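Q: attaching a predicted model along with its sequence, questions to come.
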Amino acid sequence: MQNLEAAEDVMTQIRRRSSYTTDLEAISPDPFGDITLLISNCEPSKEKRGDVGWIDRTSEKEYPGSEIFPPSARDSLFEQRMKPGDIHIIKSHLGHHIVKISDVTISKSAKNTFVGPKPTLKGSGIVSPSKAISKAKTYSIMTAGCQMNVADSERLEGQLTSLGLSPSNSTKTADVVVLNTCSIRDHAQSKVYDALGPIARRKRAGSEVALIVTGCVAQQEGQDLLKRVPEIDLVMGPQHVNRLPDLLESVSNGHQIVSTENTVISEDISKPVRSDKYRAWVNVIFGCNEHCSYCVVPNTRGVEQSRNPEHIFEECQQLGKEGYKEITLLGQNIDAYGRDLSPKGNFADLLAVVNKAEGIERIRYVTSHPRYFSDRVISAVRDLDKVCEQFHLPPQAGGNEVLKNMRRGYTFESYMKIVENIREKCPDASITGDIIVGFPGETEEQFQRTLDLMEAVHYDNLNSFAYSPRPFTDAALSEAQIPEDVKAERLQRVQDLSVKHGLERSQRYVGRTVEVLVEGANPKNAQEEVFGRNRQGRHVFFKGGVDLVGKLVNVKIEGARTWSLMGSIVK
């Protein structure tokens, strides 16, 4: 409107629900848009029926809707206290804007805000009411992705249990449904929306269910999840997993929350509900600072934050008292452990600390980064009796130009020096890794260097993937994308060679006696056989009863498959 008096008159009529607006509401699903079309002095606003869309404090000077609601008006609006349904008059150089608030998002931060090398990721909000959590008795958690997500789900389950909820076997009946999501592979968002569909329909049908989305897709999509699926009650990034009770309190008060800001990760005072009675995950460092050009993790899990070594040791010591035999230390870049602490620490020293935990028989860890991998870690594996002789050292590629474009920070030659040091100090150790084929711009010659690397190392096991573009990554913007058929052909060649090497590495155990931690009954022969893993991580199958589960036994290896071994227990 061109003058304030006219704007105030219109706003008063709307607030009083005059016959003018009531008549419109009776015949139109968008009465405010109809009013805009009838009386607005702004032609672009008429064309859009006044729809500005979502804006926030971090919006640039030019954003969708800025031509009808300029930045100066946006800034003035954010000075107001807002809730859905409010109507405000905001002045700008265009005139007086009558603004109806449809949805509001506000910051829901932790008590301590981490100030890192990146700007904080905004996104927390109150949008629509849901008090289902206050009546909840059961929960169900669906988990996708890496070991970090598995560990997060165990902590989430511990917090839900501490609130008095019991586990349910089905998302069709649970009062609280948690989707812990992964965004590392292609079509991740589509899979999440597919999983959300039945639960959202259940909620629309009148079921009182609280719907929570966490994990990397939650962090990546943020408020967009609410736009697509407004039935969601809580969108929570991985850094906020330990704050579930606090966030659920807001949900129980009728708020819809998005919590994705970078923050200091608090220690979880609840007890995780572990999925295994004898093997446990222990987080030692969260986040990643590397920004490899293909990887979305730094955008979803935030900057590196190392846990206090005393807290880590206390957790491991407690696990030993509870009967756990094996722990796996977790980190997206575990070799970076301690560099953000004061005083600084390092991963080799942490291994020495954890090795003292009473009752723990085995220690594993993932994932190493060749750029930061230390010879001290190799020495620790050699010298510390509980640390297993297994190195997961992902090369991702063999071609130096590809590694450079990936921003990995090492070369074929420097990687091989690490392998040579491992073979020298720990000759019986296994080496596993990850390979990406078809990275943008990868030539056949560069791909051949990946095969050369595999031949030089002879990996015990190799996870291999065809490159897929991920949101917010530089590689996704490259114009040198590799055709899908070429990626598929290269992936097959890598997998064929990996199978060949895997069998060769398995055969070296035949005739030897190895230590095995028994994990459970063989799913294919549960009445007669059990299985476990040796110190190098190879699965071993042998005759025995489930009374052996959780025990360390010696097994003589009599046969080898590509990824597993067969044998007989040594009495």
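A: Alright, I've got the coordinates.
Q: residue contacts, the closest residue to Asn346 other than its chain neighbours?
A: Distance criterion C-beta to C-beta, 6 or more residues apart in numbering; nearest residue to Asn346, sequence neighbours excluded, is Gly338 at 5.0 Å. Placement of C-beta: from N, CA and C, glycine included. For Gly338, the contacting residues are 306, 309, 344-347, 349-350, taking C-beta atoms under 8 Å, 6 or more residues apart in numbering as the criterion.
Q: just the pLDDT for Gly338.
A: Confidence at Gly338, expressed as pLDDT, is 92.
Q: if we can go back for a sec, which of the contacts of Gly338 fall within strands?
A: Secondary-structure check on those using DSSP state E: residues within strands are Ser306.
Q: C-alpha coordinates for stretch 404-412, PDB please?
A: Output in PDB follows, covering the C-alpha atoms of stretch 404-412 (Å, rounded to 0.1, in the frame of the first residue of the first chain):
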ATOM      1  CA  LYS A 404      44.600 -33.700  -6.300                       C
ATOM      2  CA  ASN A 405      41.100 -32.900  -7.700                       C
ATOM      3  CA  MET A 406      39.600 -34.800  -4.800                       C
ATOM      4  CA  ARG A 407      41.600 -32.600  -2.400                       C
ATOM      5  CA  ARG A 408      42.900 -35.600  -0.600                       C
ATOM      6  CA  GLY A 409      46.300 -34.200   0.200                       C
ATOM      7  CA  TYR A 410      48.600 -37.200  -0.700                       C
ATOM      8  CA  THR A 411      49.900 -39.000  -3.700                       C
ATOM      9  CA  PHE A 412      50.100 -42.600  -4.900                       C
END
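Q: got a list of contacts for it?
A: By C-beta under 8 Å, 6+ apart, the surrounding residues in contact with stretch 404-412 are 290-294, 370-371, 396-400, 403, 436, 439-441, 449, 452-453, 475.
Q: just stretch 475-486 next, same as before
A: Outside stretch 475-486, the residues within contact range by C-beta under 8 Å, 6+ apart are 293-294, 405-406, 438-442, 466-467, 469-470.
Q: save those as JSON lines, and put in distance to Asp152 too.
A: Compiled in JSON lines, the contacts of stretch 475-486 are given as follows (distance: C-beta to C-beta, whole Å):
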{"residue": "Ser293", "distance to Asp152": "26"}
{"residue": "Tyr294", "distance to Asp152": "23"}
{"residue": "Asn405", "distance to Asp152": "31"}
{"residue": "Met406", "distance to Asp152": "26"}
{"residue": "Gly438", "distance to Asp152": "30"}
{"residue": "Phe439", "distance to Asp152": "28"}
{"residue": "Pro440", "distance to Asp152": "31"}
{"residue": "Gly441", "distance to Asp152": "34"}
{"residue": "Glu442", "distance to Asp152": "33"}
{"residue": "Ala466", "distance to Asp152": "27"}
{"residue": "Tyr467", "distance to Asp152": "26"}
{"residue": "Pro469", "distance to Asp152": "25"}
{"residue": "Arg470", "distance to Asp152": "20"}
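Q: what's near enough to touch the spatially closest residue to Ser45 that is not a sequence neighbour?
A: Leaving aside its chain neighbours, Ser45 sits nearest to Ile68 (4.2 Å; criterion: C-beta to C-beta, 6+ apart). Listed by C-beta under 8 Å, 6+ apart, the contact partners of Ile68 are 42, 44-45, 48, 50, 52, 94.
Q: list buried residues within those residues.
A: Neighbour counting with 16 or more other C-beta atoms under 10 Å marks 42, 45, 48, 50, 52, 94 as buried within the contacts of Ile68.
Q: which of the contacts of Gly338 has the largest number of neighbours?
A: In terms of neighbours by other C-beta atoms under 10 Å, these top out with Phe347 at 27 neighbours.
Q: who touches the nearest residue to it once chain neighbours are set aside in this structure?
A: If you skip the residues right next to it in sequence, Phe347 has Tyr337 as its closest partner in space, 4.3 Å away by C-beta to C-beta, 6+ apart. For Tyr337, the contacting residues are 284-285, 306, 331, 345-347, 350, by C-beta under 8 Å, 6+ apart.
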